[in-house]
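Undergrad: Let me see the structure of the following:
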Amino acid sequence: GYTEPDPRDDLNGMDVARKAVILGRLAGLEGVELSKMNIESLVPESLRDCPVDEFLSKLSDFDDEMAERVAKVEANGGVLHYAAKVDVKHKKVEVGLQACEAKHPFNNAGTDNMVAISTNFYTNPLVVQGAGAGGDVTATGVLSDILQCSYQ
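TA: Down below sits the predicted model:
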């Protein structure tokens, strides 16, 4: 997929967490705040404050640890994804690596953003999927914001 010039800006989970806050609030959860959420950063502690070049050169030192996590999930027939989970029933929002069963829609998302909604009525998740990065998407968002401001 696409990342920011400093990949840590994506790998720290804050972008996903901000989106999860929005989804949680839209779902009716109260008190959803970044400061109250469990956000798993994929950036190793020792690489959080170093220059980008150093981060990129040393990140592979942590490949074995991540490969073990992936292998454990795959051994049970799942696929590991970095995602947010908004659990309305348990009033919980979390961000991090999630083990998804092989048939989960996330496995076909590619570089798109995806929301999979599971309810009592949708035994298979209702999926909303679309581009989450790139010039066209950003330009459309900016234009939408400008138009919204002009109506106020």
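
Undergrad: where along the chain do the helices fall?
TA: Under the criterion DSSP state H, the chain contains helices at 8-11, 14-26, 52-58, 63-75, 135-150.

Undergrad: in the second one, what's buried?
TA: In other words, helix 14-26. 15-17, 19-21, 23-24 (16 or more other CB atoms under 10 Å). For every residue, glycine as well, the C-beta is placed using N, CA and C.

Undergrad: before we move on, back to that, what's the closest of the helices of the chain to Val93?
TA: helix 14-26 (4.5 Å; CB to CB).

Undergrad: low pLDDT regions in the protein?
TA: Residues of the chain meeting the criterion pLDDT under 70: 1-2.

Undergrad: Any chance of the helices of the chain in a markdown table with distance to Val127 as columns?
TA: As requested, these are exported to a markdown table (distance: least, CB to CB, whole Å):
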| stretch | distance to Val127 |
| --- | --- |
| helix 8-11 | 22 |
| helix 14-26 | 14 |
| helix 52-58 | 33 |
| helix 63-75 | 21 |
| helix 135-150 | 18 |
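
Undergrad: for those, which one sits closest to Ala83?
TA: The nearest among the helices of the chain, by CB to CB, is helix 14-26 at 7.0 Å.

Undergrad: Just the CA atoms of that closest one, as CSV, please.
TA: Below are the C-alpha coordinates for helix 14-26, written out as CSV (Å, rounded to 0.1, in the frame of the first residue of the first chain):
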residue,chain,number,x,y,z
MET,A,14,-2.6,6.6,15.0
ASP,A,15,-4.2,7.0,11.6
VAL,A,16,-6.3,3.8,12.0
ALA,A,17,-7.1,4.9,15.6
ARG,A,18,-8.4,8.3,14.5
LYS,A,19,-10.7,6.5,12.0
ALA,A,20,-11.8,4.1,14.7
VAL,A,21,-12.7,7.0,17.0
ILE,A,22,-15.0,8.4,14.2
LEU,A,23,-16.6,5.0,13.6
GLY,A,24,-17.1,4.3,17.3
ARG,A,25,-18.8,7.7,17.8
LEU,A,26,-21.0,7.2,14.7
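
Undergrad: Report all helices and strands that it contacts.
TA: When contacts are defined as 3 or more CB pairs under 8 Å, 6 or more residues apart in numbering; DSSP states H and E, helix 14-26 sits against strand 78-87, strand 92-101.

Undergrad: Can you name the residues in contact with the first one?
TA: With contact meaning CB atoms under 8 Å, 6 or more residues apart in numbering, strand 78-87 is reached by 13, 16-17, 19-20, 23-24, 27, 29, 42, 69-70, 73-74, 92-102, 104, 106-107.
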